[in-house]
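this one's sequence-less:
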């Protein structure tokens, strides 16, 4: 059996037909990311945390009318960040993009999730006009197929346990095909590393140009110690509200129900990269975008097995995106970066 | 911060007030386990797999009438195994145990989940009378506070990826108190080890009497290789239907909603111990039993944080129970035991 390798960019945009835009308010220490498929893509979600903040997730259920999304918005700002999707909705609708209803303007379907970065020391003195509607519009204007990781977009103001969080991404190639891309804004209560700086997800790190895609050479091959106090490294001294949010993308022609199963399996990637996760203080929302450019399996009766394999890849890719988001982050205020803490 | 240690028995019955009974049909290569709290305990569930087989799980939701269970049944036998709970229901009701309704007999609340062991080579030629009703009754007669692991009860005929599965259990002590016990019948599509026999959950193994509770000394400290093909070691050659099922127990005075959050967090223990998991072919049902003997937290506003810590412990304990279930199993038919495969 072949091994998993990373895609050319090792980004979610290794999946063909996706663009991503970011916008940041550096003073407020917050930002927004928007993912836009070139044509509307099948959408599903799994929301597994105890403190989610989302929009349009009810419309994504298999039994509802809508099957495809025009965009997905990930935002900082807690409840205020949901307005970023309003900005993108207004901008896309004005361009005539969206679900055709017979009304003069179509209805862009833009599910969104927020993370809690409103106690990270940034200037949140925005009166009655939070910046998120404008940030959403700016992110939508910045669409691209390439982007940096760490302190960018929805991950700009994120914290991960006692470290600076960030935006992470990764992609997975199997049998010569890009199968999965993941994008996670990493802002959990729990930690992604043990006390020595060894990533929980270290065993999943792929080599890119001969070097593991995350982790320090001095810790190479060391297994993290998971027998410490379960809250070691967690963000329990500061505000308790958190949340990791993200998107898994695939070219497979998934149904909404299949995409929902993929989203559920993708949550296992958070479990393997973050400890603890899915707490009462985490939202942990993962969306799945399936562009449908490729068949999931040649024969219909092989679809469930192909879906199991795709889900396994999705979980791994999510774990790697989480670790990369923290590994690539820079210190912001009193949120210390991983490399500042552990690199000698 | 203190470290996690194992309880005196390293079994779910380290939580006070629980008994477990097992019954096996060796010829049919199947069995049943029943968990009975001394007094009805708060119950919740999380069902995260794509192929569950359960009973009474709708009644466990926070918005429903019933908050406490009289017993939980875990059974082999796929859909036929649900009858084990019928056997226990009849036996308990005849003893006058159960939810008082004003009817002459009370209604024992007995949630149940099954696993798929009906293609494991055992003699399933039971005509129109499957053995599970009788096995359920026998298991209920065998209640005890001690039990062996591996080929016993609901884990008797289980397979775990390409290895023999089994029944596993573990308990977790923190700050001098037994906080969590877990019992898992381990029968996943995915594998619990890499190709070299290194457990995915190895970093979670606690020392008991100076020895790690699972894993081979020759592999001590080695990190599993998670970059192989995602289906490496999975049970894809044989029948594809699988499922791990189990129970997490705590003495905390959880509400049904809190117990549900604990069950969701406990699923992360499956994620860390089994790859892949939560596939379309796995049921992955975890029940939570909360006896209520201890307060979750001194102050009400500290309950969510205490629940996060308890959930973190629950996930770890589930991972360890999974690994122990496979580590302690014996070869059965063509399902080779872990130690037969990897011990020299």
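That came through, no problem. Treat the numbers as computed from the prediction; the structure is a model and nothing was measured.

count of residues packed around residue A:90?
16 (other CB atoms under 10 Å in any protein chain shown). Every residue, glycine included, has its C-beta placed from N, CA and C.

Determine the number of other residues adjacent to residue A:323.
31.

can you confirm it is in a strand?
No: remark: residue A:323 does not belong to a strand; assigned using DSSP: H, G, I helix; E, B strand; the rest coil, it is helix.

how about it, what does it touch?
Residues touching residue A:323, when contacts are defined by CB atoms under 8 Å, 6 or more residues apart in numbering or on different chains, comprise A:168, A:192, A:199, A:201, A:202, A:204, A:205, A:213, A:214, A:215, A:273.

How about the residue of the stretch 51-200 of chain A found nearest chain B, nearest residue that isn't a chain neighbour?
Nearest to chain B, among the residues of the stretch 51-200 of chain A, is residue A:189, at 6.7 Å (CB to the nearest CB). Excluding the flanking residues, the one nearest residue A:189 by CB to CB, 6 or more residues apart in numbering or on different chains is residue A:242, at 4.4 Å.

Equivalent analysis for residue A:311, please.
The spatial neighbour of residue A:311 that comes closest, neighbours along the chain excluded (CB to CB, 6+ apart), is residue A:265 at 3.1 Å.

returning to that earlier point: give the helix, strand or coil label for the residue nearest to residue A:189.
coil.

Please verify my assumption that it contacts residue A:116.
Yes: using CB atoms under 8 Å as the test, residue A:242 is close enough to residue A:116 to be in contact (5.7 Å).

Show me whatever sits in contact with both of the two.
A:51, A:187, A:283.

of the residues you listed, buried ones?
Neighbour-count burial (16 or more other CB atoms under 10 Å in any protein chain shown) is assigned, among the shared contacts of residue A:242 and residue A:116, to A:51, A:187, A:283.

Quick check: which ranges of the stretch 151-300 of chain A have low pLDDT?
Along the stretch 151-300 of chain A, the parts satisfying pLDDT under 70 run over A:237-240.

could the buried ones among the shared contacts of residue A:242 and residue A:116 go into CSV alongside secondary structure and distance to chain B?
Compiled in CSV, those are given as follows (DSSP: H, G, I helix; E, B strand; the rest coil; distance: CB to the nearest CB, whole Å):
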residue, secondary structure, distance to chain B
A:51, coil, 9
A:187, coil, 15
A:283, coil, 13
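
ok, back up a step: neighbour count for residue A:242 and residue A:116, which is higher?
The residue with more neighbours, out of residue A:242 and residue A:116 and counting by other CB under 10 Å, is residue A:242; that gives 30 against 26.

give me phi/psi at that one?
phi -150, psi -140 (degrees, to the nearest 10).

which residues touch it?
Residues counted as contacts of residue A:242 (CB under 8 Å, 6+ apart) are A:51, A:115, A:116, A:159, A:187, A:188, A:189, A:235, A:279, A:281, A:282, A:283.

Against residue A:273, how distant is residue A:330?
Between residue A:330 and residue A:273 the distance is 20 Å, computed by CB to CB, to the nearest Å.

between the two, who's got more neighbours?
For residue A:330 and residue A:273, the more surrounded residue by other CB under 10 Å is residue A:273, and the numbers stand at 33 against 15.

my guess is the more buried one meets residue A:316, correct?
No: taking contact to mean CB under 8 Å, the distance of 9.8 Å between residue A:273 and residue A:316 leaves them out of contact.

circling back to that earlier point, nearest to chain B, of the contacts of residue A:323?
The closest of those, once distances to chain B are taken by CB to the nearest CB, is residue A:204, at 4.6 Å.

Confirm for me that residue A:194 is in contact with residue A:230.
No: taking CB under 8 Å as the definition, residue A:194 is not a contact partner of residue A:230, at 11.8 Å.

ok, how many other residues are close to residue A:258?
Burial measure for residue A:258: 26 neighbouring residues, criterion other CB under 10 Å.

go on, residue A:146?
Residue A:146 is flanked by 9 other residues according to other CB under 10 Å.

And for residue A:8?
Residues within reach of residue A:8, counting by other CB under 10 Å, total 10.
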